[in-house]
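K.L.:
Quick one, fold the following:
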Amino acid sequence: MFGILSGSGKARYSRKTMVKVLGICTTILLLNIALLAWLWAIAVEHFTVPVEYNGPPHQRGHKPPYPGDTMDNLWWFIHISDIHISRFRDPSRTTDFQKFCTNEIDIIKPEVTIVTGDLTDAKDWDHVGSKQYEIEWKAYHNAIKFGHVQEKTVWIDIRGNHDAFKVTHKTHSVNYYRRYSAMGEKGDTTFMYQHKLPFGTYSFISVNAILDPGPGRPFNFFGYIGKDDIEKLEHYVDESHHSNHTMFFGHYPTSTIIGEQFRLNNALSQGIAYLCGHLHSLGGMIPNMKALQKTGSLELEVEDWKINRMYRVMAYDHDLLSFNDVNFGEWPVVLITNPKRARFMAPKHEPVDKMIHSTHIRFLLFSPSPITLATVAIDGVDLGPAKHVEGPLYVLPWEPAKFMDGLHTITVTAKNAAGDVTNTGYRFSLDGSRPMQWFAASLFLMGDITCGLQFLCIFVGFWFVLSLPVVRWLTKSSAGYRHHGLPRSLVVLVHNNMYLYSILGIAIYPLIGPWCIGEIIEGHYGASTLLGLYVNGTFIPETFSYAVVFVDILLFQLPMTIYFALHLDCYQPTVSNGSITMKSNRRAKRPLCLCSSVTSFACLVSMFIWKIYLCYSAYACYGTLALFTSKDLWTMVFVLLLRSKLVRSKQYYREMNGNGQTS
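P.N.:
Presented below is the predicted three-dimensional model:
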């Protein structure tokens, strides 16, 4: 069963050898900690230090007109994302969205409204499987139709990854986006809309990174931009060079788009900002997903409508871009346009020097009831009430020369006739000073999530797979070591060929083999692998699989290793005078101590809950065939066989220990 070990004399594992092993492991651990600390320090500096602009001043920065007390050179628009209308969950998403299309649009009166995808949820009742439900699309269509939004604003809606779940191709009948959205077929690709006003032209260019064909979840998290779409994007960038401003919008943040990444970043650097959604502010954990990229352009993810009911009001005031994220139903809405927020100044693209020449503080107030109070304070000093000009614009005279040095704080307080009060404020500067960028937001927007997941997967997987053979090579033998604990248990494990090679095989297979075969998209079968999906004669690159492997190591492979190590150590036989015995009669009566028993049970629970979830996900997402061809199902079966063999071995050696000797 386990193989006969050498006698207790020469083969006894010395304490000196174990100290050597622990010393090497500790050294490796410290080196890894030092490496991670060094990488962390570099990351903090890279993602938080404000981006410096060393180029020439903007050509319109010192040319009139300047922000004053008139409505000239001012207009505003709205950005909203991730609506997730669902037939199974939270009906208020739909009813609130209907109210938004009537109340908010009527009150704010945006000239343009940009909706950056995930118009519908497209998830099954169990929140695991996915498909396109026409009833969800009809609900979205009815909301914008009965709200008459296309009569009030230029409504630009594009697809998100949920809107592409199990869509075979763009022209397929289940691509309900083309039938029920405002943009229709035109919005299902990269396109440009130019908003022309008496004082200039403002270009909006979509970034189409939606997978085509669109697989079902979960492997539809990352976008892909191919050669055709990037060439269209570059063409529209060239056409928009004479615009006052170019703004890009898409569903995916740039950190979650793979493909022509270099060309994409180069194209986006030609515009003032890129508007996106998709990450849902990581479940609300990072509520300010906004950053100034190293290229000098802003990337602004808006929080989702799905849970947080957020939308963004944006404005160009004398070509200075300002914005404010707003909760649905909260009034008055305040948007300060001059001076603009220091954190989001983009001097490469906008005439920030106009603030120095401005004569008035300017802000927009939107409310369903009349405004009764509008006051301004700078650095805690009240400057008095603002004057209403027309529409939503309020102004207050100021002297910019008094605020030329460093950062200052402006606060606007607004109250309406209904008694609602809003206080909005931020820091501004007139000399180019700016605060540090938010680290978490910059990390996820300026970083490369694909490379990050690949690094985590390779780093953790490499040390996990490599550590076991290294421990085996260093220890030579497991026999005779008198001390117990997890280090001893791991030594016993690595010297058992069957269990060592089984664990290594389970760890390596997801990196090289197919994960399952199933109905990846509607009516078409394909295979899922670490690198992506093969379906309908097309390879779909996807990197969410690296996250699955990383979690699999933490929740399955590592607990499996600890579980078998503890049990193998407990029932490892030794040889004494020709007899095979347990290590001690005491341990034979009580195989595991309480701590080891709890650890063993926790590992077993973690292993099987995780694998059962993955098996159910394969079935719910890709069908019955995917379940029976799933690597997770057969891995679970194989582990059960290994455990069964371990139990039989335990009974065998107990019987032999009871007999006292065997021939």
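
K.L.:
got the contact list for the nearest residue to L625 once chain neighbours are set aside?
P.N.:
Spatial nearest neighbour of L625, chain neighbours left out: G518 (5.1 Å); criterion: CB to CB, 6 or more residues apart in numbering. The way it works is simple: take the backbone N, C-alpha and C, and place the C-beta from them, glycine included. Neighbouring residues of G518 by CB atoms under 8 Å, 6 or more residues apart in numbering: 525-526, 528, 618, 621-623, 625-627, 629.

K.L.:
mind redoing it with 6 Å?
P.N.:
By CB atoms under 6 Å, 6 or more residues apart in numbering, the contact set of G518 is 622-623, 625-626.

K.L.:
With neighbour count, secondary structure and distance to D157 as extra columns, can I get these in CSV?
P.N.:
Shown next, in CSV, are the contacts of G518 (neighbours: other CB atoms under 10 Å; DSSP: H, G, I helix; E, B strand; the rest coil; distance: CB to CB, whole Å):
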residue, neighbour count, secondary structure, distance to D157
Y622, 30, helix, 29
G623, 18, coil, 31
L625, 15, helix, 35
A626, 25, helix, 32
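
K.L.:
circling back: Three-state assignment for the residue nearest to L625, please.
P.N.:
strand (DSSP: H, G, I helix; E, B strand; the rest coil).

K.L.:
I158 contacts G117, doesn't it?
P.N.:
Yes: taking CB atoms under 6 Å as the definition, I158 is a contact partner of G117 at 5.4 Å.

K.L.:
so the residue nearest to L625 bridges to which residues?
P.N.:
G526 (DSSP bridges).

K.L.:
For G250, list the residues it contacts.
P.N.:
Contacts of G250 (CB under 6 Å, 6+ apart): 207, 276.

K.L.:
Out of the contacts of G518, which is nearest to L373?
P.N.:
Y622 (58.2 Å; CB to CB).

K.L.:
Average pLDDT for the helix or strand that contains A143, rounded please.
P.N.:
Using DSSP states H and E, A143 maps to helix 134-146. The average pLDDT within helix 134-146 is 96.

K.L.:
Name the residues of the next helix or strand after that helix that are buried.
P.N.:
Next helix or strand after helix 134-146 toward the C-terminus (DSSP H and E): helix 149-152. By neighbour count with 16 or more other CB atoms under 10 Å, helix 149-152 contains the buried residues 149, 152.

K.L.:
Helix 149-152: how far from the chain's middle?
P.N.:
33 Å (CA atoms, centre = their mean, to the nearest Å).

K.L.:
can you tell me which residues contact N536?
P.N.:
Counting by CB under 6 Å, 6+ apart, N536 makes contact with H524.

K.L.:
pLDDT score for it?
P.N.:
At N536, pLDDT is 82.

K.L.:
With W473 instead?
P.N.:
On the pLDDT scale, W473 is placed at 80.

K.L.:
Now do the phi/psi pair for it.
P.N.:
For W473, the backbone dihedrals are phi -70, psi -40 (criterion: degrees, to the nearest 10).

K.L.:
hmm, back to that, switch the contacts of G518 over to a markdown table, and while doing so, append pLDDT and distance to F366 to every line.
P.N.:
Formatted as a markdown table, the contacts of G518 follow (pLDDT from 0 to 100; distance: CB to CB, whole Å):
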| residue | pLDDT | distance to F366 |
| --- | --- | --- |
| Y622 | 92 | 47 |
| G623 | 91 | 49 |
| L625 | 94 | 54 |
| A626 | 92 | 50 |
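
K.L.:
could you pull out the helices for the stretch 201-350 of the chain?
P.N.:
Using DSSP state H, counting those that start in this stretch, the helices of the stretch 201-350 of the chain run over 227-239, 261-268, 280-283.

K.L.:
quick one: least confident helix or strand in this protein?
P.N.:
When the helices and strands of the chain are scored by mean pLDDT, DSSP states H and E, strand 579-581 comes last with a mean of 38.

K.L.:
biggest helix in this structure, by residue count?
P.N.:
For the chain, the helix reaching the highest residue count under DSSP state H is reported as helix 15-48.

K.L.:
Report the mean per-residue pLDDT for that one.
P.N.:
Helix 15-48 comes out with an average pLDDT of 78.

K.L.:
distance between that helix and the chain's centre?
P.N.:
27 Å.

K.L.:
Also stretch 294-306?
P.N.:
13 Å.

K.L.:
and what of stretch 101-110?
P.N.:
30 Å.

K.L.:
Same question for stretch 242-254.
P.N.:
20 Å.

K.L.:
Skipping adjacent residues, who's closest to Y616 in space?
P.N.:
Using CB to CB, 6+ apart, the closest residue to Y616 is V128 (6.7 Å).

K.L.:
SS state for the one you found?
P.N.:
Applying three-state DSSP: V128 is coil.

K.L.:
Can you give me the neighbour number for it?
P.N.:
Using other CB atoms under 10 Å, the number of residues around V128 comes to 17.

K.L.:
what do you get for R643?
P.N.:
16.

K.L.:
follow-up on the earlier one: could the helices of the stretch 201-350 of the chain go into CSV alongside mean pLDDT, distance to V412 and mean neighbour count?
P.N.:
Below are those laid out as CSV (pLDDT from 0 to 100; distance: least, CB to CB, whole Å; neighbours: other CB atoms under 10 Å):
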stretch, mean pLDDT, distance to V412, mean neighbour count
helix 227-239, 95, 36, 17
helix 261-268, 94, 31, 18
helix 280-283, 87, 24, 17
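
K.L.:
Nearest to D382 among those helices would be which one?
P.N.:
With CB to CB as the yardstick, what comes closest out of those is helix 280-283 (33.6 Å).
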